[in-house]
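*Asks:* Based on what follows, work out the 3D shape:
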Amino acid sequence: MSNYTFNRTFPATRLRRMRVSDGIREMVAESHLLPCHLIAPLFVIEGQNARQSIKSMPEIERLSIDLTINHVKELYREGVRMVDIFPVIDPTLKTPNGDDAYHPDTLAVRTIKAIKDACPEMIVMTDIALDPYTTHGQDGIIDETGYVLNDITTEALVKQTLAHARAGVDVVSPSDMMDGRIRAMREALEGEHFHNTAIMAYSAKYASAYYGPFRDAVGSAGNLKGHKKGYQMNPANRAEALHEVALDINEGADMVMVKPGQPYLDVVREVKDNFGVPTFAYQVSGEYAMHMSAIQNGWLSEAVILESLLGFRRAGCDGILTYFALKASRMMNDL
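*Replies:* Numbering: from 1, shown residues only. This is a model prediction of the structure:
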């Protein structure tokens, strides 16, 4: 932003001149929001023609792979170019170590293959973490005290990463917050010649109270024992987020993410200004639920959807993970 000091005053300067019509407002707009800036999270379940509503996330459903493909095609028609897969695992497959995370025929692997076969142009990203697969709901492997072990968890995450890469995933997105996992994943991908598999690191993932509806959606809320403050970031910290981002970039991350989104847009701005790398944020389930509750109760209009997403762009986001991806894209296309 320019540091030049303007000496002009009213009425020589009337800022409303640049707001007088739709055309001029659009011409001088500093930030733009398009469907291609949105990433759609998808909750995938087993079965055929199966759908399940999520009470805490109105209008969002868990879908079987066949219905997920239809949804992906609809997203692509509306201009969305990336989806993020979150599998809902059968409780009988969950173990203390989350071994199903890297099974060669796990739900996430089958979903990747199905989407790439049906809509090869869609960019497929997957969540890399153990919490959907563990009986205790933590993002890693724990010891007898419940402490999440860093290095052995990283070994499992590398196996999960390679399983998804072999299935044809375009982007892996580790959300676990283990130290050193980006380097380990990058080296493993390079070692198997997956040179073009990108990493979007959850670099600044906060131990937030905004994740509740998501944990309901993937079925980990009932399993979770304790909290995740031992590895996710303290909401009070901003400088630490920059340290995390710097480490992940140095270790091989192609893109970085801040999560949650709207309460942490100051962190997004700091990341973009300091590093200039592709920067993303996640408008998480709690943010979605608050907006939808207000909209459904008539307290706010649907206009807040695009306004909230534009705020992410203004803060410096190259893209936004949002459960509003389809609805927002339709709204933009209608405009």
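
*Asks:* Gln173 falls within a helix, correct?
*Replies:* Check again: residue 173 is Ser, not Gln. No: Ser173 sits outside any helix when classified using DSSP: H, G, I helix; E, B strand; the rest coil, being strand.

*Asks:* who does it bridge with?
*Replies:* Note on Ser173: beta-bridge partners Asp127, judged by DSSP bridges.

*Asks:* Now do it: how many residues are near it, please.
*Replies:* 25 (other CB atoms under 10 Å). All C-beta spots, glycine's among them, are computed from the backbone N, C-alpha and C.

*Asks:* so who does it touch?
*Replies:* Residues counted as contacts of Ser173 (CB atoms under 8 Å, 6 or more residues apart in numbering) are Asp84, Met125, Thr126, Asp127, Ile128, Ile199, Met200, Ala201, Tyr202, Met257.

*Asks:* redo that, cut-off 6 Å
*Replies:* Met125, Asp127, Met200 (CB atoms under 6 Å, 6 or more residues apart in numbering).

*Asks:* what about the second one, distance to Pro174?
*Replies:* In other words, Asp127. 8 Å (CB to CB, to the nearest Å).

*Asks:* Settle it for me: which of these two has more neighbours?
*Replies:* Pro174 (29 against 22).

*Asks:* residues in contact with the worst-scoring helix or strand of the chain on mean pLDDT?
*Replies:* Lowest mean confidence among the helices and strands of the chain (mean pLDDT, DSSP states H and E): helix 212-218, at a mean of 84. Helix 212-218 has contacts (CB under 6 Å, 6+ apart) with Phe43, Ile54, Ser56, Met57, Phe86, Val88, Pro132, Ala221, Ser285, Gly286, Ala289.

*Asks:* Filter these down to just the buried residues.
*Replies:* With burial judged by 16 or more other CB atoms under 10 Å, the buried subset of these is Phe43, Ile54, Ser56, Met57, Phe86, Val88, Pro132, Ser285, Gly286, Ala289.

*Asks:* count of neighbours near the nearest residue to Asn223 once chain neighbours are set aside?
*Replies:* Take Asn223 and drop its neighbours on the chain: the residue closest to it by CB to CB, 6 or more residues apart in numbering is Gly137, 3.6 Å away. Number of residues near Gly137 (other CB under 10 Å) recorded here: 21.

*Asks:* Ok, the one 5 residues further on next?
*Replies:* With neighbours defined by other CB under 10 Å, the count for Ile142 comes to 20.
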